[in-house]
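> Make a model of this:
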Amino acid sequence: MRDYKHSNIVEMYGSYLVDNELWVVMEYLDGGALTDLLVTSTGETRMNEQQIATVCKSVLKALAYLHSNGVIHRDIKSDSILLSTDGFVKLSDFGFCAQVMNEKKAQTIKRKSLVGTPYWMSPEVISRTPYSTEVDIWSLGIMVMEMVDGEPPYFNEQPLTAMRKIRDQPPPKLKNPHKASSLLQGFLGRCLIRDPSQRATAIDLLDHPFLRHAGNPSCLQTLLPQQTLAKGNFHMS
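Sure thing, here's the model as predicted:
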C-alpha cells in the first residue's frame with residue numbers, strides 16, 4: 001500500500017521486521033475510528049445526513065482511486081474509517097486488500113477468497129463466487145446502515161447465521177427508515193444490489209444526488225469528544 005497515495009487513504013511510512021514480527025509505521029489520526037462516534041452513551045444514533053454524506057464522499061474518493069488501480073479493500077466498515085480532529089476522513093486497515101488487475105492493467109483477476117468481516121461481507125464473497133471491486137460497494141452500503149441504525153444488519157446473530165442470511169435473503173432493510181430521506185435510501189439501494197454487475201461503482205456513487213448534502217470536514221467535528229478536540233488543538237499549537 002506504500003505505492004498508493006491519496007488524501008483519503010491513511011499513509012504508510014514504512015515496515016520493519018523486528019524479532020520475527022512485522023512492524024508497520026502509519027499515519028496517526030487523532031480523531032479515532034468512526035465506530036466510536038456512531039452512537040451516544042444511551043445508544044442513540046448521532047449522525048445527521050450531512051455527516052453521513054461527508055463520510056461517504058471521502059470513502060468513495062478513496063475507493064474510486066483504489067479500484068482504478070486494480071485494488072479491492074475487502075474490509076470496508078466503520079472500524080476501517082479514521083478521522084482527524086479537523087474532521088478529515090481516511091480509509092485504513094488494508095490487511096485484506098487484494099490486486100484484481102495484472103501489472104499492465106490489461107486483465108481483471110477475479111477473487112474467490114472468503115475474507116472480510118462477516119456482517120459487512122457481500123453475498124458473492126460468502127458464496128465464494130468470483131468477485132471484484134463490487135464487494136467494497138456492498139460493504140459501504142452496510143456501513144451506511146451502521147451510520148443510520150448504529151450497527152450493521154444481523155448484528156445480534158452469530159456470524160455464521162448472519163452470513164447465511166446475507167447469502168440467501170434479499171438485501172437487508174434499515175431498522176429506522178424514518179431516519180433516512182428518500183435520497184439516502186436511494187443511495188443505499190444502489191449499494192445493496194445482490195447482482196454485482198448491477199451494483200453502482202464508486203464513480204457512479206460520487207455523482208449520486210445524496211452526496212450533494214456533503215459538507216466540509218468541520219461538520220464532523222461535533223461528533224468528536226471534547227477531550228479529543230482539546231488534545232488535537234494542543235498538538236497543533
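> Any regions of this structure where pLDDT drops low?
The chain contains residues with pLDDT under 70 at 1-2, 102-109, 226-237.
> can you do 90?
Residues of the chain meeting the criterion pLDDT under 90: 1-4, 12, 14-15, 22, 24, 26, 40-43, 93-116, 225-237.
> hey, C-alpha coordinates of the helix ranked longest in it in PDB?
When the chain is parsed with DSSP state H, its longest helix is helix 49-68. Presented in PDB, the C-alpha positions along helix 49-68 are these (Å, rounded to 0.1, in the frame of the first residue of the first chain):
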ATOM      1  CA  GLU A  49     -27.400  13.200   6.700                       C
ATOM      2  CA  GLN A  50     -24.800  15.900   6.100                       C
ATOM      3  CA  GLN A  51     -22.300  14.000   8.200                       C
ATOM      4  CA  ILE A  52     -23.200  10.600   6.600                       C
ATOM      5  CA  ALA A  53     -22.800  12.100   3.100                       C
ATOM      6  CA  THR A  54     -19.500  13.700   4.100                       C
ATOM      7  CA  VAL A  55     -18.100  10.300   5.300                       C
ATOM      8  CA  CYS A  56     -19.400   8.500   2.200                       C
ATOM      9  CA  LYS A  57     -17.900  11.000  -0.200                       C
ATOM     10  CA  SER A  58     -14.500  10.700   1.300                       C
ATOM     11  CA  VAL A  59     -14.600   6.900   1.400                       C
ATOM     12  CA  LEU A  60     -15.800   6.800  -2.200                       C
ATOM     13  CA  LYS A  61     -13.000   9.000  -3.300                       C
ATOM     14  CA  ALA A  62     -10.600   6.600  -1.700                       C
ATOM     15  CA  LEU A  63     -12.300   3.600  -3.300                       C
ATOM     16  CA  ALA A  64     -12.500   5.100  -6.700                       C
ATOM     17  CA  TYR A  65      -8.700   5.600  -6.500                       C
ATOM     18  CA  LEU A  66      -8.000   2.100  -5.300                       C
ATOM     19  CA  HIS A  67     -10.400   0.500  -7.800                       C
ATOM     20  CA  SER A  68      -8.900   2.500 -10.700                       C
END
